[in-house]
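Asker: Just a sequence and a predicted model for now, questions to come.
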Amino acid sequence: MTSVLFALWLAAPVAFADAIPMEPNNCPLGSSGRSSHAGTWCEATTCAAESDCADGQGCRSVGLCVDVQEWACGGMMPETAEPCTFTVNEAKGRCSTDADCTGTATCVTANRCTSTGLLGCGGCDSTASISGFAAIGGFIMLGVLGPRRRRT
């Protein structure tokens, strides 16, 4: 019986995986992570009103370096299928002018959903605010747990 099951297992058709990678989670403010069979990117997003944004976010004017590209769809397509492409508006980082951008990206200022930041700074980069608080917390911890005098 075992040899019959083993022979059936060997004769089973091979399954092909067609997985989509995880979306990036480190995108610049004003963009969101996307993924497809073609790969992953940070898509520049826009908003018209505060109601378009998630809780804790506001619709603010923000400049992003945006690289507009045509990507092949990717994935497992039948050989007879027509080639497929789609447009990606990849956000590369924050900007004020085109000089802040590299490669073929240009600075595009638009209303985007952004965090209001820990200091109420509107479209500012919340990671800078968080790292600033982390640094302050680190200095406080050094003061509390730092060098101590020994009792003699």
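Answerer: Looks like it arrived, so ask away.

Asker: could you pull out the strands for the protein?
Answerer: Here the chain has its strands, by DSSP state E, at 31-36, 39-44, 57-72, 85-94, 106-115.

Asker: Mind listing what's buried along the second one?
Answerer: Using 16 or more other Cβ atoms under 10 Å as the burial criterion, the residues of strand 39-44 that qualify are 41-44. C-beta here means a position set from N, CA and C on the backbone, and glycine is covered the same way.

Asker: In CSV, list those along with pLDDT and distance to residue 85.
Answerer: Shown next, in CSV, are the buried residues of strand 39-44 (pLDDT from 0 to 100; distance: Cβ to Cβ, whole Å):
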residue, pLDDT, distance to residue 85
41, 96, 14
42, 97, 19
43, 96, 16
44, 96, 18
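
Asker: count of neighbours near residue 99?
Answerer: 8 (other Cβ atoms under 10 Å).

Asker: if I look at it, how far off is residue 28?
Answerer: Using Cβ to Cβ, to the nearest Å, residue 99 is found at 17 Å from residue 28.

Asker: Pull up the gap between the closest residue to residue 34 other than its chain neighbours and residue 32, please.
Answerer: Nearest residue to residue 34 in three dimensions, chain neighbours excluded: residue 43, at 4.6 Å (Cβ to Cβ, 6 or more residues apart in numbering). Per Cβ to Cβ, residue 43 is found 6 Å from residue 32.

Asker: Also residue 95?
Answerer: Residue 95 is 18 Å from residue 32, by Cβ to Cβ.

Asker: got it, and residue 62?
Answerer: Residue 62 is 13 Å from residue 32, by Cβ to Cβ.

Asker: more crowded one of these two?
Answerer: Taking neighbours as other Cβ under 10 Å, residue 62 and residue 32 compare with residue 62 leading, 25 against 17.
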